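K.L.:
Prediction below, plus the sequence it came from.
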Amino acid sequence: MDQGNKTHSILMGYVLWIFGFTGSHRFYYGKPVSGTIYFFTLGLLFIGWFVDLFFIPSMSRRADLRFTSGRINYNVAWILLTFLGIFGIHRFYMRKWITGLIYLCTLGIVGIGYIYDYWTLNDQITVINRSG
């Protein structure tokens, strides 16, 4: 696969894996259901978290095939969501100005929008990247 189709970084996956008992690497690779399970079970009592150390390259390849590259960079959006998402900075980056302002004024709609974006960010970016 050429670099032009690369949407999700293996390095970013390993960085998020460090906090993987929270499911963060699974959310990043577009696996919100298992990410949520990991969040509530501490990475399936750390066993699944450890096993994922070996699955990150294949999760990255699958994400690269599933999601569309384009003007919005997945890595930048995920970093902004993770560290500044409650303020809507990732939404400003995606040029979603109105919801960005709403998040900024309501702390990510009191955290619910922030969680929603963990579930849907990859798909939101793909829609934007496919449209132009």
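P.N.:
Structure's in. What do you need?
K.L.:
any idea which residue of the chain is furthest from its center?
P.N.:
C105 (22.6 Å; C-alpha atoms, centre = their mean).
K.L.:
Which neighbouring elements make contact with the helix or strand encompassing it?
P.N.:
Here C105 is covered by helix 97-110, with elements defined by DSSP states H and E. Under the contact definition 3 or more C-beta pairs under 8 Å, 6 or more residues apart in numbering; DSSP states H and E, helix 97-110 sits against helix 89-93, helix 112-131. No exception for glycine: its C-beta is placed from N, CA and C like everyone else's.
K.L.:
State the mean pLDDT of that helix.
P.N.:
Per-residue pLDDT values across helix 97-110 average out to 97.
K.L.:
What residues sit buried inside that helix?
P.N.:
Buried residues in helix 97-110, defined by neighbour count with 16 or more other C-beta atoms under 10 Å: T99, G100, Y103, G108, I109.
K.L.:
Let me see the contact set for the residue nearest to the fourth one when sequence neighbours are not counted.
P.N.:
On the basis of C-beta to C-beta, 6 or more residues apart in numbering, the spatially nearest residue to G108 that is not a chain neighbour turns out to be Y114, at 3.6 Å. Counting by C-beta atoms under 8 Å, 6 or more residues apart in numbering, Y114 touches L81, G85, I86, Y103, G108.
K.L.:
Repeat the analysis, applying 6 Å as the threshold.
P.N.:
With contact set as C-beta atoms under 6 Å, 6 or more residues apart in numbering, Y114 has these partners: G85, I86, G108.
K.L.:
do the same with I89
P.N.:
L80.
K.L.:
on that earlier part again, nearest to F54, out of the helices and strands packed on helix 97-110?
P.N.:
Nearest to F54 among the helices and strands packed on helix 97-110 is helix 112-131; the distance by C-beta to C-beta comes to 22.1 Å.
K.L.:
tell me the angle that closest one makes with helix 97-110.
P.N.:
Comparing the axes of helix 112-131 and helix 97-110 via axes from the mean of the first three to the mean of the last three C-alpha atoms, to 10 degrees yields an angle of 150 degrees.
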